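# Let's see this in three dimensions:
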Amino acid sequence: MTPMSLDLGLIGNGTVASLVDGAGDIVWGCVPRLDGDPAFCSLLGGAGRFAIELAGAVRHEQEYLANTPILVTRVFDQAGGAIEITDFAPRFRQYGRMFCPMMLVRRIQRLAGHPRLRIRLTPTCGYGRAPRSVTWGSNHVRFVSDDGEPALRLTTDVPVTTVLERSAFLLEDTVTLLLGPDETAQEGAAAIGARFQAETVAYWHDWVRSLAIPFEWQDAVIRAAISLQLNVFEDTGAIVAAVTTSVPEAAGSGRNWDYRFCWLRDASFVINALNRLGATQTMERYLAYILNLVAEGDAASLQPLYGVTGTRDAAERIVDTLPGYRGMGPVRAGNAAALQEQHDVYGAAILAATHAFFDRRLVRRGDVELFRRLEPLGDAAAARFDKPDAGIWELRGTTRVHTFSSVMCWAGCDRLARIADHLGLAERAAHWRAAADRIHDTVCRRAWNPRLESFTGTLDGDTLDASLLRLNELGFLDADDPRFAGTVRAIGRDLKRGEFVFRYVEADDFGPPKNAFLACTFWYINALCSLGERDEARSLFEHVLACRNRHGLLAEHIDPTTREQWGNFVQTYSMVGLISAAVRLSIRWDQAF
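Next up, the predicted model:
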């Protein structure tokens, strides 16, 4: 068997998401939602999988249907037989609302010859602890968990005994497999599968058609945007950082984390990227998610991350029932970073909400009441900007006064000042401008290092941090400020390895980092653009694009030597970086032809 890699395709619908390998094997998929128990967990060494095996297979091809997350796998056997597997999760508007059930659809069509198939459907429960128990009827198979998770029902026009016994059968035409909630289907599997596919194709084509994409790298941007949308939990508007847990940041590093949570920082970047492309509904739903968090809890103790339903509980535990990606454990469920102090989250929440006050496309625009609800976040930012925290990189062994956290606190106060001015609240505008100026002065005085000719990663520190590449994009420094140019040059000198930029290079709780954080390279590209160094930026951008997997997807980290991707997948930070850099670098439509 080929060793597991991240050369995977992502399918999903905002309720569930799955990863499919090049042979058409579903290797990862959580139910009943994005953060649930992985019924399919072979990505992390478990027994849960959903494979469609062609006898004598010798070759595979795989691609997405254009402008959709519908994945097509073609498999060819040694005797001239061939099949086509179409995988998707239904998503379309029905009865005035979004229909995105806990369902995967697999349609298998004969293309040539006399292909013989075997279906191996073995969902597990308890993070791979045990197979689900099985019951069946005339046209369905039920997979029942022993730990209270919802039962799964396979509705199919394949003989039930063939599925149960995993016996081979000759594919004459087309068969359909619907794996979803334990509900009786009102139509035949074939009719449902065909209708759901047509509706889902139409939905995604309309969604993509509404995007304002750059002229260059259109396919890359469209694929990135679709992938980001699949990380949005439809029910609440929360945005998960990735659909996986515990894919290590580097081989044997122990840097294995659960990313199936909504980081306020990451989500604000996603919102900014999608808003640039015109996908405003995602922003509106996420704003409602944030405001619910603020209303439910104390704004002065905002967590870095929350569950997709808004729960504060993210208790971390080691899962001993899964060996891990390529056997590289530990596998974790939950993330203890939820308990950390990360002061940049106050600014991140305000930045995400700022769009509502200035974007006139929105149905529900920001008003004085919303501004009042955001002010406690600004109070927390103003009070904590110079206090130690775990920082953007979530250090577990130490706390410091991180410059990026301080700058994000400044950004929160700065945006509140702009919002207040926009609303005609002169006294509040003056208050927040004074708070922002105080933070700005402190950061410039304590984080600028004349010896390094750069801002440093911590106040009064002497080390660099790639998050400082965002100083201009956040508005903290003008592009022509020599301190910004000095910071970019210093990071390029000290944190760049080959074509990739590391977050930092000094040892942390797990030793020195081995792989580069892909988003940092995109930040570097954007910084070069701001400095007018577009040729170098374009060259770096093209290089990173060439490192995507066959489907145009990116994980979190990359080995700067081998170009192999590592870390949780698909990573929103990375796909946001791709969109942001493409928008900055592309020639304008009115100059294109």
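# any chance you could map the strands in the stretch 451-593 of the chain?
Assigned by DSSP state E, counting those that start in this stretch, the strands in the stretch 451-593 of the chain fall at 454-455, 496-497, 500-501, 516-517, 557-558, 565-566.
# Ignore what I typed, I meant the stretch 151-300 of the chain.
152-156, 169-170, 174-181, 262-263.
# Outside of the last one itself, which residues are in contact with it?
Outside strand 262-263, the residues that touch it by Cβ atoms under 8 Å, 6 or more residues apart in numbering are F233, A238, I239, V240, A241, Y289, P304, L305, Y306, G307, V308. Every C-beta, even on glycine, is put in place using the N, C-alpha and C of the backbone.
# Now the two most distant members of the residues you listed.
Across the contacts of strand 262-263, the longest distance by Cβ to Cβ is 17.5 Å; it joins F233 and P304.
# Pull out the buried positions in stretch 139-147.
Neighbour counts over stretch 139-147 (16 or more other Cβ atoms under 10 Å) mark N139, H140, V141, F143, V144, S145 as buried.
# what do you get for stretch 323-335?
In stretch 323-335, counting by 16+ other Cβ under 10 Å, buried: P323, G324, Y325, R326, M328, G329, V331, R332, A333, G334, N335.
# just curious, which of those is nearest to D460?
N335 (29.7 Å).
# wait, doesn't that closest one sit right on N256?
No - the pair N335 / N256 is not scored as a contact, 10.8 Å apart, by Cβ atoms under 8 Å.
# Among the contacts of strand 262-263, show me the least confident.
Within those, Y289 has the lowest pLDDT, namely 90.
# for that one, what are its contacts?
So Y289 contacts T236, G237, A238, C262, G310 (Cβ under 8 Å, 6+ apart).
# Recalculate using a threshold of 6 Å.
T236, G237, A238 (Cβ atoms under 6 Å, 6 or more residues apart in numbering).
# Can you give me the separation between it and P304?
15 Å (Cβ to Cβ, to the nearest Å).
# same question, F522
Applying Cβ to Cβ to F522 and P304 gives a distance of 21 Å.
# S539 too?
To P304, S539 is 35 Å away according to Cβ to Cβ.
# lowest-pLDDT helix or strand in the chain?
helix 280-296 (a mean of 83; mean pLDDT, DSSP states H and E).
# where in the protein is pLDDT low?
Residue ranges of the chain with pLDDT under 70: 1-2, 297-299.
# rerun that using 80 as the cut-off
Where the chain drops to pLDDT under 80, the residues are 1-3, 294-300, 363.
# Please look at S530 and A479 and confirm they touch.
Yes - S530 sits in contact with A479 when judged by Cβ atoms under 6 Å, with a separation of 4.2 Å.
# higher neighbour count, these two?
Legend: neighbour count by other Cβ atoms under 10 Å for S530 and A479, higher for S530 (20 against 15).
# ok, now which ones touch that one?
If you count contacts by Cβ under 6 Å, 6+ apart, then S530 has N472, A479 around it.
# for F510, same thing?
Contacts of F510 by Cβ under 6 Å, 6+ apart are G254, R255.
# one more time with 7 Å, if that's ok
Residues near F510 by Cβ atoms under 7 Å, 6 or more residues apart in numbering: S253, G254, R255.
# Just give the nearest non-adjacent residue to W432, would you?
Among residues not flanking W432 along the chain, A417 sits closest, at 3.7 Å (Cβ to Cβ, 6 or more residues apart in numbering).
# Are we agreed that the one you found is in a helix?
Yes - judged by DSSP: H, G, I helix; E, B strand; the rest coil, A417 forms part of a helix.
# and it, how far is that from S268?
18 Å.
# The two: who's more crowded?
Neighbours per residue (other Cβ under 10 Å) separate A417 from S268, with S268 holding more: 27 against 22.
# Tell me which of the strands of the stretch 451-593 of the chain sits nearest to L179.
strand 565-566 (27.8 Å).
# what pairs with that closest one, and is each one parallel or antiparallel?
strand 557-558 (antiparallel) (DSSP bridges).
# What lies in contact with the strand it pairs with?
E249, A250, F500, N515, A516, F517, L518, C547, Q565, W566, G567.
# Report the beta-bridge partners for the fifth one.
Going back to what we said before, that points to A516. I558.
# For V141, which non-adjacent residue is closest in space?
Using Cβ to Cβ, 6+ apart, the closest residue to V141 is L154 (4.5 Å).
# now the helices for the stretch 351-500 of the chain?
368-384, 403-423, 426-447, 482-494 (DSSP state H, counting those that start in this stretch).
# residues touching the closest residue to D344 other than its chain neighbours, list them.
Computed as Cβ to Cβ, 6+ apart, the closest residue to D344 that is not its neighbour in sequence is M408, at 3.6 Å. Residues in contact with M408 (Cβ under 7 Å, 6+ apart) are D344, G347, A348.
# Now with 8 Å, please.
By Cβ under 8 Å, 6+ apart, the neighbours of M408 are R265, H343, D344, V345, Y346, G347, A348, L351, A381, L474.
# Same check on A295?
Contacts of A295 by Cβ under 8 Å, 6+ apart are R373.
# separation between it and R373?
Taking Cβ to Cβ, one finds A295 at 7 Å from R373.
# what's the answer for Q197, then?
Q197 is 42 Å from R373, by Cβ to Cβ.
# Ok, G9 next?
40 Å.
# same check, this time on C125
41 Å.
# Between those two, which has more neighbouring residues?
Taking other Cβ under 10 Å, C125 and R373 do not tie; C125 has more neighbours (24 against 16).
# what sits against P38?
W28, G29, C30, L44, G46, G48, T124, Y127, G128.
# could you say which helix or strand contains it?
strand 37-40 (DSSP states H and E).
# Please identify the pairing partners of that strand and their relative orientation?
According to DSSP bridges, strand 37-40 has the following sheet partners: strand 26-31 (antiparallel).
# tilt between the strand it pairs with and strand 174-181?
40 degrees (axes from the mean of the first three to the mean of the last three Cα atoms, to 10 degrees).
# Tell me if I'm right that S405 and W393 touch.
No - contact criterion Cβ under 8 Å: S405 and W393 do not qualify, at 10.6 Å.
# Between those two, point out the one with more neighbours.
The neighbour count for S405 versus W393, taken as other Cβ under 10 Å, is higher for S405 (30 against 18).
# residues in contact with the more buried one?
Contacts of S405 (Cβ under 8 Å, 6+ apart): Q342, H343, D344, F385, D389, G391, I392.
# doesn't G412 make contact with the fourth one?
No - the pair F385 / G412 is not scored as a contact, 9.1 Å apart, by Cβ under 8 Å.
# between these two, which one's more packed in?
Shown here are F385 and G412; by other Cβ under 10 Å, G412 has more neighbours (33 against 29).
# on that earlier part again, switch the strands of the stretch 451-593 of the chain over to JSON lines; also include mean neighbour count.
Formatted as JSON lines, those follow (neighbours: other Cβ atoms under 10 Å):
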{"stretch": "strand 454-455", "mean neighbour count": "26"}
{"stretch": "strand 496-497", "mean neighbour count": "16"}
{"stretch": "strand 500-501", "mean neighbour count": "25"}
{"stretch": "strand 516-517", "mean neighbour count": "26"}
{"stretch": "strand 557-558", "mean neighbour count": "27"}
{"stretch": "strand 565-566", "mean neighbour count": "25"}
